[in-house]
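Novice: The sequence and its predicted three-dimensional model are supplied below.
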Amino acid sequence: MGRTASLIVLWLLFSASVGAAMAMAMAMAKADSVDNSSSGRLFWSTAKDEGDLMRLSEAQETTVGVDDNADLDGGFSSLDGMLQWAIGHSDPSKLKETAQDVQRLSPNELKKRQMEIKELMEKLKMPSDAQLMQIAIADLNNSSLSMEDHHRALQELLVLVEPIDNANDLNKLGGLAVVIRELDNPDTEIRTTSAWILGKASQNNPIVQEQVLELGALTKLMKMVNSSFVEEATKALFAVSALIRNNLAAQELFYASAGDLMFQDILSNPSSDIRLRRKTVFLVGDLAECQLENTHKAVLPIFSNRHFLKSVVDLIASSDLDLQEKALIAVNNLLQVSTTEALDFKDYCDLDGALERMRKQLQQLMEDEYQRDYLMDLESLRREVELVFHQKLVKVTNVPT
């Protein structure tokens, strides 16, 4: 039997054995859903015909090294693969009967069936993550699209940049500059999602961190942290944190841009959102730990700023236990930084008084048996901080004059 006839047999077998599955796949294609991406299920950004989207993707695919022969989850990478699957899942007697029926078809009928198979394969072909990113970026650059389409494009990028390979492709595709541009968008939701994307792409990724810094996004994000919109502020802080954690060059730029004042404003303002304060004090503790791990680097001025230190110590008196715990961890690390002064903690920050007030608070809360284990852990941490503080204080008071 010739190849064309074999493919027609395939068509008949495939239609008979998996008709329902095919209908579902085609419906999903028409609904613009994608199941082979990192998201598991994404919607194409615009209401374009899927043929237009695929032509755009295929035209740009070679620019990012997409493998045309890669396996496609939920589909077939070639007609041969489809044929082998159909044969392996068919009744031999029905296969023979179908082959005989096909041999009786006219050349025109064979040609028609062949075209139907080709169209079906095109509908089943799913775009790769890189192609989806290209489509979303193109939508963001298309000013004729609605705000809703731009929101959806950003939401897709938010999911797609989670895998590190995709995050590294974002700049190659021109998407990083586009997302940074959207930080200045008048729409709050677009600014918020853009900051979130930068944070996800930069997390534990030195390559993207460097790219984002070179494009000047850090100072923009720091300004967004002061936003009156809580969600925008928290996502911007998340992005700042992702950029500067374990990145000494980014930390230097952060401090040079008055990062210590940004911290102080958040920590010392009781009206600041509790999530923002938690994230900020956690980041402070992390940065202090990074300083301890890089003793060859000069200690940055922020760690000897007693106004900044007091804004951290004051959080120990908070009524929020999670915030207290994060403040204790931060203070513990700050006490171990060589340039912090024990007397500043004692006289200016009143660390002794803050720790004593917390001890009494925890003692009262111990009556709640449901929180007792957590409260005991907090008390152990409080004692550890107290011990480190007194050890640092002894070194100062025992110095001969």
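Specialist: Done, it's in.

Novice: Which neighbouring elements make contact with the helix or strand that residue 101 is a member of?
Specialist: Taking DSSP states H and E as the criterion, residue 101 maps to helix 92-103. The contact analysis (3 or more CB pairs under 8 Å, 6 or more residues apart in numbering; DSSP states H and E) places helix 92-103 against helix 3-30. Any C-beta I mention is one placed from the backbone N, CA and C, and that applies to glycine too.

Novice: doesn't residue 366 make contact with residue 372?
Specialist: Yes - judged on CB atoms under 8 Å, residue 372 makes contact with residue 366 at a distance of 6.0 Å.

Novice: Now do the shared contacts for the two.
Specialist: Residues touching both residue 372 and residue 366 (CB atoms under 8 Å, 6 or more residues apart in numbering): there are none.

Novice: Tell me which residue is most central in the chain.
Specialist: By CA atoms, centre = their mean, the chain has its centre lying nearest to residue 200, at 2.6 Å.

Novice: these two touch, right, it and residue 241?
Specialist: No - Residue 200 is not in contact with residue 241 according to CB under 8 Å; the separation is 11.7 Å.

Novice: quick one, strands of the protein?
Specialist: Assigned by DSSP state E, the chain shows strands spanning 33-34, 42-43.

Novice: Quickly, which of these bottoms out on average pLDDT?
Specialist: Per-stretch mean pLDDT for these is lowest at strand 33-34 (a mean of 41).

Novice: lowest confidence element among the helices and strands of the protein?
Specialist: Across the helices and strands of the chain, mean confidence by mean pLDDT, DSSP states H and E is lowest for strand 33-34: a mean of 41.

Novice: Tell me which residue of the protein is furthest from the middle?
Specialist: residue 104 (57.4 Å).

Novice: how near is that residue to residue 110?
Specialist: 10 Å (CB to CB, to the nearest Å).

Novice: just residue 327 next, same as before
Specialist: Using CB to CB, residue 327 is found at 77 Å from residue 110.

Novice: Compare neighbour counts for these two and give me the winner.
Specialist: Each of residue 327 and residue 110 has its neighbours counted (other CB atoms under 10 Å); residue 327 has more, 29 against 17.

Novice: Tell me which residues touch the more buried one, please.
Specialist: Here residue 327 is in contact with 281, 312-313, 315-316, 318 (CB under 8 Å, 6+ apart).

Novice: redo that, cut-off 10 Å
Specialist: 267, 277-278, 281-282, 284-285, 311-318, 320, 354, 358, 385 (CB atoms under 10 Å, 6 or more residues apart in numbering).

Novice: do the same with residue 206
Specialist: Listed by CB under 10 Å, 6+ apart, the contact partners of residue 206 are 246-247, 249-250.

Novice: what's the neighbour count on residue 241?
Specialist: 19.

Novice: I'd guessed it sits against residue 280; true?
Specialist: Yes - with contacts counted by CB atoms under 10 Å, residue 241 reaches residue 280, the gap being 8.9 Å.

Novice: And for residue 392, the neighbour number?
Specialist: That count, for residue 392 with other CB under 10 Å as the rule, works out to 17.

Novice: what's near enough to touch the residue nearest to it when sequence neighbours are not counted?
Specialist: In space, residue 392 comes closest to residue 342 once its chain neighbours are excluded; the distance is 4.3 Å by CB to CB, 6 or more residues apart in numbering. Residues near residue 342 by CB under 10 Å, 6+ apart: 335, 351, 389-397.

Novice: next one: residue 376
Specialist: 362, 366.

Novice: what bits of the stretch 301-401 of the chain have low per-residue confidence?
Specialist: Low-confidence regions of the stretch 301-401 of the chain, defined by pLDDT under 70, span residues 398-401.

Novice: Stretch 236-248: which residues count as buried?
Specialist: Neighbour counts over stretch 236-248 (16 or more other CB atoms under 10 Å) mark 236-247 as buried.

Novice: now do stretch 109-120
Specialist: By 16+ other CB under 10 Å, the buried positions in stretch 109-120 come out as 110, 113-114, 117, 120.

Novice: Can you dump the C-alpha atoms of that stretch in PDB for me?
Specialist: C-alpha atoms of stretch 109-120 as PDB (Å, rounded to 0.1, in the frame of the first residue of the first chain):
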ATOM      1  CA  GLU A 109     -11.200  11.100  -2.900                       C
ATOM      2  CA  LEU A 110      -7.700  10.100  -1.800                       C
ATOM      3  CA  LYS A 111      -6.500  13.700  -2.300                       C
ATOM      4  CA  LYS A 112      -9.400  15.100  -0.400                       C
ATOM      5  CA  ARG A 113      -8.800  12.800   2.600                       C
ATOM      6  CA  GLN A 114      -5.100  13.700   2.600                       C
ATOM      7  CA  MET A 115      -6.000  17.400   2.800                       C
ATOM      8  CA  GLU A 116      -8.300  16.600   5.800                       C
ATOM      9  CA  ILE A 117      -5.500  14.900   7.600                       C
ATOM     10  CA  LYS A 118      -3.100  17.800   7.000                       C
ATOM     11  CA  GLU A 119      -5.700  20.300   8.400                       C
ATOM     12  CA  LEU A 120      -6.200  18.100  11.400                       C
END
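
Novice: Show me how far it is from its chain's centre.
Specialist: In terms of CA atoms, centre = their mean, to the nearest Å, the centre of stretch 109-120 is found 43 Å from the chain centre.

Novice: Give the rounded mean pLDDT of that stretch.
Specialist: Mean predicted confidence for stretch 109-120 is 78.

Novice: sorry, back to before: pull out the buried members of the contacts of residue 342.
Specialist: Counted by 16+ other CB under 10 Å, the contacts of residue 342 give 335, 351, 389, 392-393 as buried.

Novice: Filter the residues you listed down to the ones in helices?
Specialist: Those of the buried ones among the contacts of residue 342 mapping onto helices are 335, 351, 389, 392-393, per DSSP state H.

Novice: Make a markdown table out of these and add distance to residue 271.
Specialist: Compiled in a markdown table, those are given as follows (distance: CB to CB, whole Å):
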| residue | distance to residue 271 |
| --- | --- |
| 335 | 28 |
| 351 | 24 |
| 389 | 29 |
| 392 | 33 |
| 393 | 33 |
